[in-house]
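sequence? don't have it. structure:
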Ligand SMILES: [Ca+2]
């Protein structure tokens, strides 16, 4: 064999080895991609199962409410049950057991902020009243547009009613920590100054005690309180699948007076874990 022919074969062998190596790298990369996509698809399926399970929990609860709410806890007590191999925990909170951001007076709001551990509850309560009232005259220690500007904010008091409870975060002085503390105890749906203490949370009861509407021993002034007839509820359903995926459905519903649709969904959100 000539030297030239040997060299040519050697070059061909090296080229083949390079091509084989390249193909091996491409195959390995393709296998990794497929594995990653499989994991992503499996996670998506698990998450979809958890979401469907939580929604099943919601619909089961709202139908139970529509059929017989007298026998249910309406103060947020959790109820655990199993369905389709997963675990679901549901709870119901009646909006009539919460403080209405539009209807509550400054004293009740201050009691609520105090119960939540806020540093200056009276100023926060006055700022809430200024935020929702249509005028631009500040309450004592309240906050209207000039106060927001002085604080470096680009927005001012809304001067209209709260439409969502998380608008409370826009009120001057309300921090995320304060909001998170009072959020479970406030609503924009009861539209009533009165609160049903039978289904109120501990924070709301503390606020009611602070303003003298409920005695520390639980006795209450029935002339100023009373069961609110507005049948609006927050339903929370937390679902966990066998594979460990978790989803929380949080919705506010209004029960209707029968008919073809026994309830109306007012908000429909993914809740915090
Ligand atoms: Ca105002």
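Perfect, I can see it now. Note that this is a predicted model, so its numbers are computed, not measured. Numbers count the residues shown, from 1 in each chain.

quickly list the domain ranges of this structure.
Using automatic domain parsing, the domain ranges for the chain come out as 38-96+230-270, 104-184.

gap between the two ends of the longest one?
Looking back up the chat, that one is domain 38-96+230-270. 25 Å (Cα to Cα, to the nearest Å).

how far off centre is that domain?
Remark: domain 38-96+230-270 is offset 13 Å from the chain centroid, using Cα atoms, centre = their mean, to the nearest Å.

confirm that residue 237 sits in a strand.
Yes. Assessed by DSSP: H, G, I helix; E, B strand; the rest coil, residue 237 belongs to a strand.

where in the stretch 101-250 of the chain is pLDDT low?
Scanning the stretch 101-250 of the chain for pLDDT under 70 picks out 213-230.

for the ion, what are the nearby residues on it?
Proximity of the stretch 101-250 of the chain to the ion, by Cβ under 5 Å from the ion, involves residues 130, 133, 157, 159. (Each C-beta comes from the backbone N, C-alpha and C, glycine too.)

just the buried residues of the residues you listed.
130, 133, 157 (16 or more other Cβ atoms under 10 Å).

can you put those residues in a markdown table and add secondary structure and distance to residue 64?
Output for those, formatted as a markdown table (DSSP: H, G, I helix; E, B strand; the rest coil; distance: Cβ to Cβ, whole Å):
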| residue | secondary structure | distance to residue 64 |
| --- | --- | --- |
| 130 | helix | 41 |
| 133 | coil | 39 |
| 157 | coil | 41 |
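
which parts of this structure are strands?
Assigned by DSSP state E, the chain shows strands spanning 79-83, 86-94, 99-100, 186-187, 232-240, 246-255, 263-270.

residue closest to the middle of the chain?
What sits nearest the mean C-alpha location of the chain, by Cα atoms, centre = their mean, is residue 271, with 3.9 Å.

ok, now which ones touch it?
Counting by Cβ atoms under 8 Å, 6 or more residues apart in numbering, residue 271 touches 236, 238, 248, 249, 250.

between these, which sits nearest the ion?
Closest approach between the contacts of residue 271 and the ion, by Cβ to the ion: residue 250, at 29.8 Å.

now do the contacts for that closest one.
Per Cβ under 8 Å, 6+ apart, neighbours of residue 250: 234, 235, 236, 237, 267, 269, 270, 271.

from the residues you listed, pick the one nearest the ion.
Nearest to the ion among the contacts of residue 250: residue 267, at 25.2 Å, using Cβ to the ion.

how close does the closest residue to that closest one other than its chain neighbours sit to residue 95?
Distances taken as Cβ to Cβ, 6 or more residues apart in numbering place residue 252 nearest to residue 267, at 4.5 Å, with adjacent residues excluded. Per Cβ to Cβ, to the nearest Å, residue 252 is found 7 Å from residue 95.

which of the contacts of residue 250 are buried?
Applying 16+ other Cβ under 10 Å to these flags 234, 235, 236, 237 as buried.

using a markdown table, please lay out these together with distance to residue 138.
Listed next are the buried ones among the contacts of residue 250 as a markdown table, based on distance: Cβ to Cβ, whole Å:
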| residue | distance to residue 138 |
| --- | --- |
| 234 | 32 |
| 235 | 38 |
| 236 | 37 |
| 237 | 42 |
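
which one of those residues is nearest to residue 37?
Distance to residue 37 across the buried ones among the contacts of residue 250 (Cβ to Cβ) is lowest for residue 237, with 30.3 Å.
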